[in-house]
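S.K.: build me a structure from this.
(one chain, ligands or ions: 3)
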Amino acid sequence: MDYLIWKLLPLFALLVSVAAFFFLEDSYMVHLLQLKRPSSEECSFHPYRHYWISSKRIVTPQGVISGSVEINEGKIVSIVKGDSKKGNHMHQQVIDYGDAVVMPGLIDVHVHLDEPGRTEWEGFYTGTRAAAAGGVTTVVDMPLNNHPTTVSKETLELKLEATKKKLHVDAGFWGGLIPENALNTSILEGLLSAGVLGVKSFMCPSGIDDFPMTTIDHIKEGLPVLAKHRKRLIVHSEIQLNSGHTLELKDNDDPRHYSTYLKTRPPSWEQAAIRELVGVTKDTGNGGPLEGAHVHIVHLSDSSASLDMIKEAKRRGDSISVETCSHYLAFSSEEIKDGDTRFKCSPPIRDASNREKLWEALLEGDIDFLTSDHSPTVPELKLLDEGNFLKAWGGISSLQFDLPITWSYGKKHGVTLEQLSLWWSKRPAEFAGLESKGDIEVGKDADFVVWQPETEFVLDDKYPVFIKNPSISAYMGKKLSGQVLATFVRGNLVFKNGKHAPKACGVPILAK
Ligand SMILES: NC(=O)N[C@H]1NC(=O)NC1=O
Ligand SMILES: [Zn+2]
Ligand SMILES: [Zn+2]
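M.R.: Ligands and ions are numbered 1, 2, ... in the order given. The predicted structure follows:
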């Protein structure tokens with residue numbers, strides 16, 4: 001017996017060393033790779049380019065799983081359910097988030113970052129830091145309220161220049177459709193070819209002098225060009241049905257009452273615009289003369305006839321979509337206090353029964369996705385002291401809170417993690433043509449938000465808010481649940497435990 005053991009010993013030794021070689025070589029190779037390609041420490045709090053994230057709640061297109069996501073060079077390269085062997089043996093490079101939720105980063109395709117020209121209102125630096133702190137990994141910036149507005153190739157170039165070294169998350173850009181470029185195809189073609197994801201127009205005054213409104217006739221001029229380039233038109237859909245609010249008001253209507261403002265911007269304004277738009281989108285269906293064009297209604301507030309017209313247009317096959325914003329789902333007109341102009345926006349926040357119908361439409365799939373319409377200004381223009389709803393700047397400031405708002409107010413509607421990720425990531429990515437984003441799926445960008453849905457917090461003075469002028473946000477003072485722990489943009493851990501990575505490594509996204 002003893003003799004046999006002695007004889008087999010060299011064989012055992014050989015087997016053990018072969019196994020050890022493969023095991024060590026594997027980790028050694030990976031280590032070498034990582035030493036060769038460390039993540040810039042300035043861009044990311046995690047020093048590796050090849051690593052795993054594991055959690056008991058990872059939101060994938062196949063549902064919520066417990067497992068690990070493998071990331072290499074900013075991309076998702078594998079997703080494994082359960083306790084993966086790979087994950088264990090690579091334990092040094094695994095970030096284990098326990099039961100915190102790992103979801104695709106949010107994609108907010110409707111934000112006004114106001115640069116160049118109005119950095120006292122917001123700006124790329126503060127705006128994208130707020131986004132990162134809120135788990136928003138991509139923003140798409142509006143062509144106004146920056147100055148000059150983004151309505152030509154040249155003004156897009158100014159905007160791109162202004163983003164340099166300031167983007168903490170990735171950013172795409174909408175151009176503007178205004179009468180001047182709608183009636184001059186070469187300016188519009190130049191803007192589209194320069195890389196905007198689509199164009200936006202206003203059917204009522206925008207509040208910004210160098211962004212004039214378009215009528216349906218301007219829109220009809222622009223749509224064939226957009227169809228040719230397969231770019232989307234997104235529309236602020238309100239038509240002013242009187243010559244300004246004074247006609248609607250009586251002497252004793254108090255401008256500090258929210259109800260006074262509400263009277264000046266009735267649902268019929270939204271309905272009038274959408275009626276005209278669906279008159280045009282009928283040609284966008286398969287085989288229609290405007291096939292290739294697409295019309296998107298931004299920030300729908302009216303859940304009655306406006307929504308019915310959009311549903312009908314979708315039913316008959318028009319290329320049309322619609323978003324609503326977090327504030328229309330969170331608030332109702334009844335609760336807005338006299339003089340609290342933080343809540344002023346257009347179209348206005350309507351009553352609670354309208355809000356409940358918006359939730360229903362979202363849950364039914366009639367509303368395609370969500371955005372913030374983050375549209376800040378300086379406190380002086382919100383007229384917080386005077387409290388005059390008719391004169392104050394219209395716009396809600398909320399970018400950092402997209403996720404906790406929709407989660408907190410959605411809980412009573414039974415909103416799931418999968419739905420949140422559909423409304424905030426998958427559908428906005430598809431809509432904006434961001435093919436590499438929107439899902440936790442092999443081949444996509446490693447853009448994640450890691451958050452704890454159960455953690456509650458109050459947005460008080462001590463809470464770290466990164467938007468430029470927090471005092472004008474309608475959410476200050478609110479109790480929300482859903483705390484963002486970490487944010488990854490293309491594999492870079494850009495935000496962790498309340499702090500941002502030092503360097504701004506987001507990139508501008510230009511359409512081909
Ligand atoms: N110009 C601008 O940002 N306007 C936005 N604000 C708002 O409340 N609705 C809008 O369209
Ligand atoms: Zn608008
Ligand atoms: Zn807007």
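S.K.: ranges for the strands of the stretch 101-250 of the chain?
M.R.: 101-104, 106-111, 136-141, 170-173, 175-176, 198-202, 232-236 (DSSP state E, counting those that start in this stretch).
S.K.: let me know which of those strands is tucked in deepest.
M.R.: Mean neighbour count, computed with mean count of other Cβ atoms under 10 Å, is highest for strand 136-141 among these, reaching a mean of 30. Just so you know, the C-beta spots here come from the backbone N, C-alpha and C atoms, and that holds for glycine as well.
S.K.: what is the orientation angle of that strand with strand 106-111?
M.R.: Put simply, strand 136-141 runs at 20 degrees to strand 106-111, going by axes from the mean of the first three to the mean of the last three Cα atoms, to 10 degrees.
S.K.: could you see whether ligand 1 lies near strand 136-141?
M.R.: No - contact of strand 136-141 with ligand 1 (Cβ under 6 Å from any ligand atom) is absent, the minimum separation being 11.4 Å.
S.K.: about what we covered before: how about CSV for the strands of the stretch 101-250 of the chain, with mean pLDDT added?
M.R.: As requested, the strands of the stretch 101-250 of the chain are exported to CSV (pLDDT from 0 to 100):
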stretch, mean pLDDT
strand 101-104, 98
strand 106-111, 99
strand 136-141, 99
strand 170-173, 98
strand 175-176, 98
strand 198-202, 98
strand 232-236, 99
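S.K.: Asn146 and ligand 1, how far apart?
M.R.: For Asn146, the distance to ligand 1 (Cβ to the nearest ligand atom, to the nearest Å) stands at 10 Å.
S.K.: from Asn388, how far out is that residue?
M.R.: Distance, Asn146 to Asn388, using Cβ to Cβ, to the nearest Å: 26 Å.
S.K.: can you check Glu180 too?
M.R.: Glu180 is 33 Å from Asn388, by Cβ to Cβ.
S.K.: now do the end-to-end distance for stretch 424-442.
M.R.: Terminal residues of stretch 424-442 lie 19 Å apart, using Cα to Cα, to the nearest Å.
S.K.: which of the residues in that stretch are buried?
M.R.: Of all the residues in stretch 424-442, those buried under the rule 16 or more other Cβ atoms under 10 Å are 424-434, 436-440.
S.K.: which of these sit farthest apart?
M.R.: For the buried residues of stretch 424-442, the farthest-apart pair by Cβ to Cβ is Gly433 and Ile440; their separation is 19.4 Å.
S.K.: out of the buried residues of stretch 424-442, list just those in helices.
M.R.: 427-432 (DSSP state H).
S.K.: give me the residue from this protein nearest ligand 1.
M.R.: The minimum distance from the chain to ligand 1, using Cβ to the nearest ligand atom, falls at Cys345 (3.2 Å).
S.K.: returning to what we had before: and Asn146 and Asn388? which has more neighbours close in?
M.R.: Each of Asn146 and Asn388 has its neighbours counted (other Cβ atoms under 10 Å); Asn146 has more, 28 against 16.
S.K.: the more buried one contacts Lys159, correct?
M.R.: Yes - contact status for Asn146 versus Lys159: in contact at 6.5 Å, counting by Cβ atoms under 8 Å.
S.K.: now for those two: what residues contact both?
M.R.: 115-116 (Cβ atoms under 8 Å, 6 or more residues apart in numbering).
S.K.: which strand or helix spans His296?
M.R.: strand 294-297 (DSSP states H and E).
S.K.: list the buried ones in the next helix or strand along the chain from that strand?
M.R.: Tracing the chain C-terminally past strand 294-297 and defining elements by DSSP H and E, one meets helix 305-315 next. Residues 306-307, 309-310, 313-314 are the ones in helix 305-315 that count as buried (16+ other Cβ under 10 Å).
S.K.: give me the mean pLDDT for the helix or strand just after helix 305-315.
M.R.: Proceeding N to C from helix 305-315, the next assigned helix or strand is strand 320-325, under DSSP H and E. Here strand 320-325 scores 99 as its mean pLDDT.
S.K.: what strands line up against strand 320-325, and which way round?
M.R.: strand 294-297 (parallel), strand 369-371 (parallel) (DSSP bridges).
S.K.: so what touches the next helix or strand after it?
M.R.: Following strand 320-325 in sequence order, the next helix or strand is helix 326-330 (DSSP H and E). Residues from elsewhere that reach helix 326-330 (Cβ under 8 Å, 6+ apart): 299-301, 343, 345, 349-350, 355, 358-359, 362, 370-373, 396, 398, 401-402, 405-406, 408-410, 474-475.
S.K.: filter the residues you listed down to just the ones in helices.
M.R.: Judged by DSSP H, helices contain the following of the contacts of helix 326-330: 355, 358-359, 362, 402, 405-406, 408-410.
S.K.: now, the most widely separated pair of the residues you listed?
M.R.: Using Cβ to Cβ, the two most remote members of the ones in helices among the contacts of helix 326-330 are Arg355 and Asp402, lying 17.2 Å apart.
S.K.: of these two, who's got more company?
M.R.: Asp402 (28 against 23).
S.K.: isn't the more buried one right next to Asp373, touching?
M.R.: No - contact criterion Cβ under 8 Å: Asp402 and Asp373 do not qualify, at 10.6 Å.
S.K.: gap between Glu238 and Lys344?
M.R.: Counting by Cβ to Cβ - Glu238 and Lys344 are separated by 14 Å.
S.K.: neighbour-wise, which of the two wins?
M.R.: Neighbours were counted for Glu238 and for Lys344 using other Cβ under 10 Å; Glu238 has more, 28 against 24.
S.K.: what about the nearest residue to Leu384 once chain neighbours are set aside, how many residues nearby?
M.R.: Excluding its sequence neighbours, the residue lying closest to Leu384 (Cβ to Cβ, 6 or more residues apart in numbering) is Thr341, at 6.2 Å. Neighbourhood size, Thr341 [other Cβ under 10 Å]: 27.
S.K.: coming back round to it: switch the strands paired with strand 320-325 over to a markdown table; also include mean neighbour count, mean pLDDT and distance to ligand 1.
M.R.: A markdown table is the format used below for these (neighbours: other Cβ atoms under 10 Å; pLDDT from 0 to 100; distance: least, Cβ to the nearest ligand atom, whole Å):
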| stretch | mean neighbour count | mean pLDDT | distance to ligand 1 |
| --- | --- | --- | --- |
| strand 294-297 | 24 | 99 | 12 |
| strand 369-371 | 25 | 99 | 11 |
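S.K.: for those strands, give me CSV that also has distance to Ala392.
M.R.: Putting the strands paired with strand 320-325 into CSV (distance: least, Cβ to Cβ, whole Å) gives the following:
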stretch, distance to Ala392
strand 294-297, 25
strand 369-371, 22
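S.K.: tell me which of these sits nearest to Thr138.
M.R.: Comparing these by Cβ to Cβ, strand 369-371 comes nearest, at 12.0 Å.
S.K.: contacts only, for Ile53.
M.R.: 68-69, 71, 94-95, 97, 102, 448, 450, 488.
S.K.: list only buried entries from the residues you listed.
M.R.: Buried, going by 16+ other Cβ under 10 Å: 68-69, 71, 94-95, 97, 102, 448, 450, 488, out of those.
S.K.: mind checking which of those are in strands?
M.R.: Members of those lying in strands (criterion: DSSP state E): 68-69, 71, 94-95, 102, 448, 450, 488.
S.K.: give me every residue in the stretch 51-200 of the chain lying close to ligand 1.
M.R.: Residues of the stretch 51-200 of the chain lying near ligand 1 by Cβ under 6 Å from any ligand atom: 112, 144-145.
S.K.: mind checking pLDDT for Glu41?
M.R.: 79.
S.K.: any idea how far the residue nearest to it when sequence neighbours are not counted is from Pro255?
M.R.: Leaving aside its chain neighbours, Glu41 sits nearest to Pro47 (6.0 Å; criterion: Cβ to Cβ, 6+ apart). Distance, Pro47 to Pro255, by Cβ to Cβ: 56 Å.
S.K.: of those two, who's got more company?
M.R.: Here Pro47 and Pro255 are compared on neighbour count by other Cβ under 10 Å; more neighbours surround Pro255, at 21 against 13.
S.K.: I am finished for the moment; much appreciated.
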